[in-house]
Structures are given as C-alpha cells and as structure tokens.
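Undergrad: kindly return the folded structure for what I paste below:
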Amino acid sequence: MSVCSLLSSTAFKPASFNGEVLDALAGQKRAQRATVLEALDAAEGPVPLNYTEMKNRWADFRERQKTSLSFDDLQKTMWALDEAGQTPNLQNISSKKYESPLSQLEFYEAVQKGVTDAEKLKQQLQKLRDEAKQERGYLQKAFSIFSKEKPLEEVLADVADFEMYCRRHHLKFDTVDKQLKKGARHNTACEKIKEFRFLAAATGGLALGAAGVNAATALPFLAAVPGLFFGALPYVAVPFICLNIYKAFSQKSIVEEAGTFGRFAGTMTAGFLISLGVTTMMSGLLGPVDMAGVDALAPSATEAAAAGGQSFSPAQYILHGIVGSAAFASIYRSAKSGKEKLMNGNGKLAKLFNGAHDLVINRYTRPAINATGNVANKAANGMDKFFGHYMNYLGIPAIFTMMSSTFAAGGIGQLAGYAGYYLTVFTGFGAAAVALGAASYLYGCRKQQLKSMFKTVATAFSISSSAATMPVTKESLKEIGVSEKTRNSVVPLGANFNMMGTALYLGTTAACASVMFGIPLGVMGTVAVLGTVLATAFGAPGAPSSNLILLDPVLNKLGMLPAQIQKMYSIVLPVDRIFDMCQTSLNVWGDMIVAIGKDKREKKKQAAIASGEAHHKVIEKRAQSVLRSSSKALKSRAI
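TA: As a prediction, the model looks like this:
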C-alpha cells in the first residue's frame, strides 16, 4: 500500500485528532468509507450504499470514534484498505509546531506492515520511562514523589492520547531501528534568546563603547575579566578539542570509514585553499590594525620581544594533542571490542599490523587501556559541562567588557576600517557556495534535487548547528535518491567531522590576520596553519558559536601575540553569528555532496558486479547449450 507523504498543516486540537485520522483514512470516496465502516462498524449493521444514508452513517460513526480509536482499530483499517487496493490520504495528520510518531509516514507504514503494534509500543515506552527516571536529578526525583504518571495502558488506549503523550515527552519514531526514541526537545523563547547570548554581549558592549562608556572604567571589577578569559582560553580550548576528538573517534572506526574521512579531509582542504585564494586576491582591501583599547593585561609586542619572543601556550601543541587523542581512541576502541587480530590473512602486511596490535593490546595492557578510556570518556563529558560554564560565566562578561573598551577608545568608525576583512570572508563563502553548486550539478543534481538541497541549507543557516540539521539532511538525501545505508553512515559522521565552511572561515581569518598584523606567512607557515585548521575543524562541535573555541589555536599557530589575538576577537565578534550561520550552511552542503558522491560510487560498483554476474550467467548458459548440443551429436553418432 502506498501512503501519501505527510505535510505540515495547522496545529490540531487533541479532541478532534481521531476524527482527522478517520477522515484521512476514508477520504471523500464512498467506497473507501465503506471499507472503513466494514472494518470498524460492522456491528451496527450492513453498510448503506445510498449517498445520504452513507453520509449520515459516517458522521455518526466519526462522532462516536473521536475518543475510542485504538491502535488495533488503526491497524485493522489499514489492512482492510490495503486488501481493497485503496490508499489513505494522511497529509493532514501532522502538527506544525511539534513532531510525533503520528506525523511520520514511516510510523504508519510500520503499523500497516505489522512491524509495530500496541504491545511493542508499550514495551518501548516503558523502557524510555525507566531511562528517564535514571537521568533525573535530586530535585526532579523529590518532586516526582508528588506526581502521578499516567498508566501506559491508558496512554495506548486511544490514538489521540498517545499522540499527545509523544508530543509532551518529545518522542519520535526512529526510521532506522523502527522503534520509539527520545527526540530533540524544542527550544523555548528564552532558550532561543540564549543561543544569541554571545552576539548580545558583543553588540551590547559595542553600543556602550560607541556611546563613549568604557565598562572597565565604570565597573572596575570588570577590568581584569578579558585578560583572565583570553589568558585561560588556550588551557581550556585545547583539552576541550582533544577530548572531543577522542570521544568521536572512540565511537567510529578510522579504518572502516577511511574513505569517508578522506573525502571529508578533501572538502576541508578545498575550503582552506579557497580561503587562501580569496584573501590573496583581496589583500589590497586589508589595512593595518589599530591596537587602541586592547586589554592592558595582554602583553604588547614590545613586552613580548623583551621577554624573548612569544610566551608558552598549549595551542602550540594542538596538533600533537589531536593526533594522540585520535590514536588512543582507536586503541581503546580495539581493546574494548575484544578483537585478537587487527587484520585477517597471512600476508606480510597483516602480520606486521597484527604484531603491532599484540604488542600494544594484550592481556596485560587491555585492562589498563579500558580503564583509561573510561576515565577519558568521563573527562570528555565533564569538560563539555565545564566549558559551557566557562563560556557563560567568564566569556560573556569578558566579551562585553572588551568590546566596550575597544570601541570607547577607537569609536564605532573602527568597523568601517575592518570592512575589507568582512568582505573577504563573505566573498570566500560565496566562492565556496559556487564550488559546491558546481559539484552538485556534476553529480547529476538538477532542479528538484537542488531545491531539496537548498531547503536543507536554509535550515542549517537558520539553526546554525550541523547536528540539529541531521534529520532534515537525511530527509533531503532520501528525496534525492541516496540509499538509506549511505545516509545513515555519512550524515552523522559529517555533522562531527566534515567542516568545510569552518575550515574556510578559519583559513580566511588566519590569512587576513597575517596581512592585517604584518605577520609573514611562508610555505611552512601555511602548511602548519593548514594542519591546525584541519585538525581543529575535525574537532569542532556541531553547535552554534563554536568559532570562539576554534579560533584561538589557529591564531596561536600563526604566531600572534595575546594582545593581537584579543584584538582579532574584537574584530570578529560583531559579525560572528552571521559567519557562524554561513559556515554551518556550507558544512551541511559539503556533507550532502560527500553522501551523494559515495552513493553514486557504490551504485556504480553494484551495477558493475550485477553486470559481471549477468555476463557470467550468459556465458554459463552458452556453455551449457554447447555441451547439450555436443552430447546430442555424440549420441547420434553412437547410434
């Protein structure tokens, strides 16, 4: 049975939901309504064929079923329609504001095919309830004593009650595992405002500074905050990035996904090269930077020279940390899996790798590796929480104070002096978009496919998070024709590792900074910055405002002094949110290009295999025919 795809419509009231389900199942055709009535209302007598009698019977049945449409009724009806060769129209059974399983096409298909039913849903809901109880904090546990959970039998007794329950608890139907799962909670108005907190701090400080008010002077306790924040940032950002890399690679096999990772590295390298090309062409628009208003705690160039050059920073060793984190993650993953061999076979290469594997992972080292890996996982989770608090409680006041100090000293006219930098970054984004558009066209995407891709890119631009855009990305790739296997392997990896837009933005900012601050960037310097950009982009969290974390190691690798880095942040911050939205769009677009390319290669390989098998069968048939004719000839001669 083919089921129409579900489209967003106006939000419905729970009391009328069952009626809408019945209308969608039966439609406006008398034959289809008759099928539904025969399946659910046969006890009331034979179904009338007269138009008026049918209309009255349907209205009466619909009114009665508003509060008593069970999953068994839904399944029975869909089976009856399938046997009759009739297709329900489920396009209006969706909510504009929230998603639930009953607004997903795949859920209805699972019900119709018998993949899920009331008993299976009950087991899944109970499991989700138990998991939610374990995650509750002390206050939630205390308050839950006075609350009464609705029995699952009552939740599943009616389709409308189940729909409302799923909406309240943010449950959705996972199309891969074919079961209920906890979905993303929708942000409230306050949470949406919170997403722009860094932009609000930057623009607030800028406005205060433009008015001639220096926050550090007006509130002396704020004077030391920018120096503390930017001084500690490398010591916080480097372990944060390394632990993120470790956490990601401990869950994914580098060997198994080597091809995909290679394509990700290729797209990010392309983004970096575009940034260098655009910056070189537009370097004439980049003027020198006025260091007025930079925080006093940050050492100046004269002080750094007197001290003997650039001071120590953990960011200088970011590449070592990232390589080490990825290597240990692979070792931990192999030790945890319990595999005795790294490669199968008896060749020299297999023996070499298996020997190295036995040397590193054996019965003596395996327990220590597993214990260390578990500690690292806990450290990664703890670092995520700490970094969020660090950025909120120290980063926001530091950004606000720095912006007010900078623009109180130099005035808002400074922004006009940095217009060349802003224009260069936006030009880089535009050039990358043209390159991705050309790649999409070369991969066979035309009007309909491009429309679907642009819908996803627009979603990524508005959300500014690769991870949050994953469901839309998968749906768009499905419309384009990418296989489910490719979608499920490439999209999650891309949200964590493929950051073409981020690499382009970091590369452009580093290249512009070298021109604006007069720092020579030779061949070896370019290679070092490229390595740092790729490594930090690989470790970028798929969340808004991650530029604040990633920019510091790149600028440190460039050889910038703390005062220069702080000044560069004051240039970037007023438009960082817009940059972040643009680069997220390119990141997601790059993920889609990699997925489409991989899918085409796999289908081509499958076609070649199928063609080879078909050719083999033809040859086999010809050989059998020759053998049969030969045997007949021999028999006739013998006779």
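Undergrad: rest of the way, CA atoms for contacts and neighbours
TA: OK.
Undergrad: let me see the ranges of the helices in the stretch 251-400 of the chain.
TA: Counting by DSSP state H, counting those that start in this stretch, the stretch 251-400 of the chain has helices at residues 258-281, 301-306, 318-337, 348-360, 366-390, 396-410.
Undergrad: and of these, who's closest to Ala460?
TA: Ala460 lies closest, by Cα to Cα, to one member of the helices of the stretch 251-400 of the chain: helix 258-281, at 17.8 Å.
Undergrad: got a list of contacts for that closest one?
TA: By Cα atoms under 8 Å, 6 or more residues apart in numbering, the residues outside helix 258-281 that reach it are 254, 424-425, 427-428, 431-432, 490, 494, 497-501, 503-508, 511-512, 530, 534, 590, 594.
Undergrad: before we move on, what about stretch 585-592?
TA: By Cα under 8 Å, 6+ apart, stretch 585-592 touches 267, 429, 432-433, 436, 453, 456-458, 460-461, 464, 466, 469, 473, 477, 490-491, 494-495, 498-502.
Undergrad: just name the most buried of the helices of the stretch 251-400 of the chain.
TA: Per residue and on average, the most neighbours among those fall to helix 396-410, with a mean of 26 (mean count of other Cα atoms under 10 Å).
Undergrad: which secondary structure elements does it sit against?
TA: Here helix 396-410 touches helix 197-210, helix 215-218, helix 225-249, helix 562-572, going by 3 or more Cα pairs under 8 Å, 6 or more residues apart in numbering; DSSP states H and E.
Undergrad: rerun at 10 Å
TA: If contacts are counted by 3 or more Cα pairs under 10 Å, 6 or more residues apart in numbering; DSSP states H and E, helix 396-410 sits against helix 197-210, helix 215-218, helix 225-249, helix 414-417, helix 562-572.
Undergrad: now render those as CSV, adding distance to Ala132, mean pLDDT and mean neighbour count.
TA: Listed next are the helices and strands packed on helix 396-410 as CSV, based on distance: least, Cα to Cα, whole Å; pLDDT from 0 to 100; neighbours: other Cα atoms under 10 Å:
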stretch, distance to Ala132, mean pLDDT, mean neighbour count
helix 197-210, 29, 81, 22
helix 215-218, 44, 86, 16
helix 225-249, 23, 81, 22
helix 414-417, 49, 76, 14
helix 562-572, 41, 85, 21
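Undergrad: tell me where the stretch 501-639 of the chain is predicted with low confidence.
TA: 539-547, 612-618, 626, 630-639 (pLDDT under 70).
Undergrad: mind redoing it with 80?
TA: Scanning the stretch 501-639 of the chain for pLDDT under 80 picks out 536-550, 577, 607-639.
Undergrad: cool, and the stretch 301-450 of the chain?
TA: Low-confidence segments of the stretch 301-450 of the chain (pLDDT under 80): 301-319, 322, 337-359, 384, 387-388, 391, 406-407, 409-416.
Undergrad: what does the stretch 51-200 of the chain give?
TA: By pLDDT under 80, the weakly predicted segments of the stretch 51-200 of the chain are 51-55, 57-72, 82, 85-118, 129-161, 163-164, 167-170, 172-179, 181-199.
Undergrad: strands of that one, start to end?
TA: 171-174, 179-182 (DSSP state E, counting those that start in this stretch).
Undergrad: mind putting those strands into TSV with mean neighbour count and distance to Asp23?
TA: Below are the strands of the stretch 51-200 of the chain laid out as TSV (neighbours: other Cα atoms under 10 Å; distance: least, Cα to Cα, whole Å):
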stretch	mean neighbour count	distance to Asp23
strand 171-174	20	23
strand 179-182	19	25
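Undergrad: got JSON lines for the ones you listed, with distance to Glu63 too?
TA: Putting these into JSON lines (distance: least, Cα to Cα, whole Å) gives the following:
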{"stretch": "strand 171-174", "distance to Glu63": "28"}
{"stretch": "strand 179-182", "distance to Glu63": "30"}
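Undergrad: which of these sits closest to Met402?
TA: It is, among those and with distance given as Cα to Cα, strand 179-182, at 40.8 Å.
Undergrad: just the residues contacting that closest one, thanks.
TA: Applying Cα atoms under 10 Å, 6 or more residues apart in numbering, the contact partners of strand 179-182 are 100-101, 107, 110, 115-116, 120-125, 127-128, 132, 166, 169-175.
Undergrad: which among those end up buried?
TA: Of the members of those, the ones counted as buried by neighbours, 16 or more other Cα atoms under 10 Å, are 100-101, 107, 110, 116, 121-122, 125, 128, 166, 170-174.
Undergrad: restricted to helices, list those.
TA: Phe107, Ala110, Leu121, Lys122, Leu125, Leu128, Cys166 (DSSP state H).
Undergrad: show me which of the residues you listed is closest to Gln316.
TA: Taking Cα to Cα as the measure, Gln316 lies nearest Leu128 of these, at 44.8 Å.
Undergrad: where's the closest one relative to Pro101, distance?
TA: Going from Leu128 to Pro101 by Cα to Cα, to the nearest Å gives 15 Å.
Undergrad: which helix or strand contains the most centrally placed residue in the chain?
TA: With distances taken as Cα atoms, centre = their mean, the residue of the chain nearest its centroid is Ala467 (2.1 Å). Remark: Ala467 resides in no helix or strand, with elements defined by DSSP states H and E.
Undergrad: what's the pLDDT at it?
TA: At Ala467, the model reports a pLDDT of 72.
Undergrad: kindly report the same for the one 3 residues further on.
TA: If you check Met470, the pLDDT there is 80.
Undergrad: got the contact list for it?
TA: Per Cα under 10 Å, 6+ apart, neighbours of Met470: Thr456, Ala460, Ser476, Arg487, Asn488, Val491, Pro492, Gly494, Ala495, Val588, Asp591.
Undergrad: fine, thanks again, bye for now.
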